[in-house]
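Colleague: Quick one, fold the following:
(4 chains)
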2 protein chains.
Amino acid sequence: MPHVSISDAEWQVMNVIWDGQSLTAQEVIERLESHATWAPATVKTMLHRLVKKDVLTYEPQGNRYVYRSRVRRSDCVKQASRSFLERVFGGESAPLLAHFLRSSKLSPEEIAQLRRILKEHEGES
Amino acid sequence: MPHVSISDAEWQVMNVIWDGQSLTAQEVIERLESHATWAPATVKTMLHRLVKKDVLTYEPQGNRYVYRSRVRRSDCVKQASRSFLERVFGGESAPLLAHFLRSSKLSPEEIAQLRRILKEHEGES
DNA sequence: TGTAACTATTTACATCTGTAATCGAACAGG
DNA sequence: CCTGTTCGATTACAGATGTAAATAGTTACA
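Modeller: Next comes the predicted model:
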């Protein structure tokens, strides 16, 4: 629904927020340390920007803030996916799927899972 | 191999270049008219930037330039795909594939094709 | 040959991004 | 009670991006 535009670096932050539900700035910073090499101030900046974009809210808890997402991850994933599909594959799903299928290592369970989804497609039209 | 970074709008331009092989600015502008609503000057700007980024070359042909890509589309697709996978799906291919499989309309032929690719995966340990 | 038309080059400019440092307020320990 | 630490808030700043107008160089027609 919303026309949010989450930048590359902001996705990193949102990913840890979505994984953790409600986190303080400090917690976000810690969880990002493994992935990114940002100064703490950098993470703070992004939290602020995400708040300004109405993607995050915060409530004071003691002397610190607890940040929480206002948008569902699945919605953002959906939007980002559509725009990626459009931009890179001209909106054609099949080539996209072929590309990722070929370039991915998949476990037998995952293969089975994907096969099931494919089978569901069989039913239509 | 190259560390090119093609922006969203620039992808539009590159897509028509890749589709057309060698095109003048005018041709690019015309072919974009259906998709985008950019002033001709805007398209020119992007062509210039892409040249500066070493993504495009041009040769003079008469009084105009003919632009041609210096990078293979497949390389750019690969790079963009990897970065998208990382950013939005945390590097997990299976969820990405599941997402796109579910949200795509696929023809029976496409389904068969994807199934074949899945089958190829079977072989790997 | 002058001038209109078209092309490419240069310049513009606000916003977004990546990446922080600094400032001011509150809290905590001595 | 003073002071260092810790938060959040404000400010910084260069480069990328979207979006284009202005200018300069060239060609082709009148």
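
Colleague: Please make it C-alpha for all contacts and neighbour counts, starting now.
Modeller: OK.

Colleague: So what's the model's average confidence on stretch A:112-122?
Modeller: Taken as a whole, stretch A:112-122 carries a mean pLDDT of 94.

Colleague: what does the model give A:Pro2 for pLDDT?
Modeller: Reported pLDDT at A:Pro2 in the predicted model: 58.

Colleague: same check, this time on A:Glu86
Modeller: Reported pLDDT for A:Glu86: 97.

Colleague: Equivalent analysis for A:Leu32, please.
Modeller: 95.

Colleague: OK, contacts around it?
Modeller: A:Leu32 makes contact with A:Gln12, A:Val13, A:Val16, according to C-alpha atoms under 8 Å, 6 or more residues apart in numbering or on different chains.

Colleague: I figured the first one was touching B:Phe84, is that so?
Modeller: No. When contacts are counted by C-alpha atoms under 8 Å, A:Gln12 is not listed as touching B:Phe84 (11.9 Å).

Colleague: okay, those two: which has more neighbours?
Modeller: Set A:Gln12 next to B:Phe84 and count neighbours by other C-alpha atoms under 10 Å in any protein chain shown: A:Gln12 wins out with 21 against 18.

Colleague: what helix or strand is the more buried one on?
Modeller: Using DSSP states H and E, A:Gln12 sits in helix A:8-20.

Colleague: just A:Val66 next, same as before
Modeller: Counting by DSSP H and E, A:Val66 is part of strand A:64-69.

Colleague: check whether that strand contacts DNA strand D.
Modeller: Yes. Shown here: strand A:64-69 in contact with DNA strand D (C-alpha under 7 Å from any atom of the strand) through A:Arg64, A:Tyr65, A:Val66.

Colleague: Which of the residues you listed scores worst on pLDDT?
Modeller: A:Arg64 (92).

Colleague: Pairing partners for the nearest residue to that one once chain neighbours are set aside in the sheet, please.
Modeller: Distances taken as C-alpha to C-alpha, 6 or more residues apart in numbering or on different chains put A:Thr24 closest to A:Arg64, at 7.0 Å, once the chain neighbours are dropped. Here A:Thr24 shows beta-bridge partners A:Val66, assigned using DSSP bridges.

Colleague: Could you verify my assumption that A:Thr24 touches A:Gly62?
Modeller: No. Using C-alpha under 8 Å, A:Thr24 makes no contact with A:Gly62, being 11.0 Å away.

Colleague: Looking at those two, which one has more neighbours?
Modeller: Counted by other C-alpha under 10 Å, A:Thr24 and A:Gly62 do not tie: A:Thr24 has more neighbours, with 18 against 7.

Colleague: Does A:Ile17 touch A:Arg70 like I think?
Modeller: No. With contact defined as C-alpha under 8 Å, A:Ile17 does not reach A:Arg70; the gap is 10.6 Å.
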